[in-house]
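Q: sequence and predicted structure, then a few things I'm wondering about:
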Amino acid sequence: MRPTLLVAKELLGKYLVYHSPQGIMMGEINEVEAYIGYHDPACHAARGKTKRNAVMFEKGGHAYIYFTYGMHYCLNIVTEREGFPAAVLIRSLIPREGIEIMKKNRKKENDTHLTDGPGKVCQALGLTTKQNGIDMIASDMLYLTEGNKKIPAIQKSERIGIREGKDKYWRFYYSL
DNA sequence: TGAATGATGCGCT
DNA sequence: GCGCATCATTCAT
């Protein structure tokens, strides 16, 4: 496995593909955040391994999906080696296929804001903790493909929506 | 700007 | 075991 920050940047522009029971959906990743190891106070695994964050300790390529704020799921892709907790949070996608399914899942007609937030991404794709722990390298249901190779310049900033660890500039994104 | 909303995890009994 | 504070969010006001 390679460094999480490098993987995070490489994920930008890739297509996330999900073969759901409803049909195939695909989105281009355009915003991610890195959460790395014991020394990152914002990382779920910073205070040790628990039942909830156990997937983060798997080897890279697994999907870590967790439930938060009582109503939202977030999708992460685990990085690094087995035993070292790190993951990249998928904050935003650009819908490419299965947009009608996403609209149905989101119950909104407005397709410009279908997947522009971590909770919205999971809601649009229909991802829940049932998909938690999927090996995205071996799976033919949820996986990544090479996507847009000509993405705009990658920008970075402090991470969003967290209490601690804002001094780390581990949010990577590009705008259209 | 703040309410909704529930699983998680820590500290205490 | 039990209760309470916390939380990588979203949407409506």
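A: Looks like it arrived, so ask away.
Q: how about low-confidence regions in chain A?
A: Where chain A drops to pLDDT under 70, the residues are A:1.
Q: pick out the residue closest to the middle of it.
A: In chain A, the centroid-proximal residue (Cα atoms, centre = their mean) is residue A:90; its distance is 2.4 Å.
Q: assumed that residue was part of a helix.
A: No: under DSSP: H, G, I helix; E, B strand; the rest coil, residue A:90 sits outside any helix and is assigned strand.
Q: which residues of chain A lie near DNA strand C?
A: Proximity of chain A to DNA strand C is confined to A:33, A:35, A:42-45, A:53, A:56, A:64, A:68-72, A:74, A:76, A:87, A:89, A:91, A:106, A:108, A:113, A:117-121, A:159-164 under the rule Cβ under 7 Å from any atom of the strand. In this view, the C-beta of every residue, glycine as well, is placed from N, C-alpha and C.
Q: could you flag which of those are buried?
A: The neighbour-count test (16 or more other Cβ atoms under 10 Å) marks A:33, A:35, A:42-45, A:53, A:56, A:64, A:74, A:76, A:87, A:89, A:91, A:106, A:117-118, A:120-121, A:159 as buried among those.
Q: what about these, which are in strands?
A: A:33, A:35, A:64, A:74, A:76, A:87, A:89, A:91 (DSSP state E).
Q: ok, and the closest non-adjacent residue to the second one?
A: Counting by Cβ to Cβ, 6 or more residues apart in numbering, the nearest residue to residue A:35 once its immediate chain neighbours are dropped is residue A:43, at 4.2 Å.
Q: so the residue sitting furthest away from the middle of chain A: helix, strand or coil?
A: Within chain A, the residue lying farthest from the chain centre (Cα atoms, centre = their mean) is residue A:109, at 23.5 Å. When classified by three-state DSSP, residue A:109 comes out as coil.
Q: so it touches residue A:103, yeah?
A: Yes: between residue A:109 and residue A:103 there is a contact under Cβ atoms under 8 Å: 6.4 Å.
Q: phi first, then psi, for residue A:39.
A: Backbone torsions for residue A:39, taken as degrees, to the nearest 10, come to phi -90, psi 0.
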